[in-house]
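> Just the structure for this:
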Amino acid sequence: MQTHNTIEQRFLQEIKGLDQDEVEKIIKMVRFMKSEILKAKQKNTRPDLMKYAGFLNDLSPDENELFNQAVQRKSMFKGRELEL
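Residues are numbered from 1 along each chain as shown. Here you go, the predicted structure:
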């Protein structure tokens with residue numbers, strides 16, 4: 001297993017010679033990956049539907065049905081892994 005310093009050195013070697021704008025883009029990509037892609041590995045993450053509770057009061061029956069279908073579709077794909 002590689003030590004943390006070795007991994008840092010490899011990362012620094014990869015970005016060595018890039019201009020400031022390119023380094024900033026890489027930092028943004030790393031932050032995105034940490035927040036969006038790697039968080040998918042966390043277990044027991046469920047969407048907080050209560051944050052939509054105020055919006056649901058004003059829905060028509062058709063809109064309510066569409067909302068329920070959207071929630072079911074989201075959970076239907078929850079277990080799938082992203083393949084690149």
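
> Let me see the domain layout of this structure.
Domain segmentation of the chain under automatic domain parsing yields 4-41, 46-79.

> Now mean neighbour count and mean pLDDT too, for the ones you listed, in CSV please.
Heads up, the C-betas are built off the backbone N, CA and C, glycines and all. Converted to CSV, these look like this (neighbours: other C-beta atoms under 10 Å; pLDDT from 0 to 100):
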stretch, mean neighbour count, mean pLDDT
domain 4-41, 10, 87
domain 46-79, 10, 71
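
> helices and strands around whatever helix or strand Lys25 lives in, which ones?
For Lys25, the element it lies in under DSSP states H and E is helix 20-32. With contacts taken as 3 or more C-beta pairs under 8 Å, 6 or more residues apart in numbering; DSSP states H and E, helix 20-32 sits against helix 4-15.

> Just the C-alpha atoms of the helix it packs on, please, in PDB.
Provided in PDB are the C-alpha atoms of helix 4-15 (Å, rounded to 0.1, in the frame of the first residue of the first chain):
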ATOM      1  CA  HIS A   4       0.000   9.300   1.500                       C
ATOM      2  CA  ASN A   5       3.200  11.200   0.600                       C
ATOM      3  CA  THR A   6       3.800   8.900  -2.400                       C
ATOM      4  CA  ILE A   7       0.300   9.500  -3.600                       C
ATOM      5  CA  GLU A   8       0.700  13.200  -3.200                       C
ATOM      6  CA  GLN A   9       4.000  13.100  -5.100                       C
ATOM      7  CA  ARG A  10       2.400  11.300  -8.000                       C
ATOM      8  CA  PHE A  11      -0.500  13.800  -8.100                       C
ATOM      9  CA  LEU A  12       1.900  16.700  -8.000                       C
ATOM     10  CA  GLN A  13       4.000  15.100 -10.800                       C
ATOM     11  CA  GLU A  14       0.800  14.900 -12.900                       C
ATOM     12  CA  ILE A  15       0.000  18.500 -12.600                       C
END
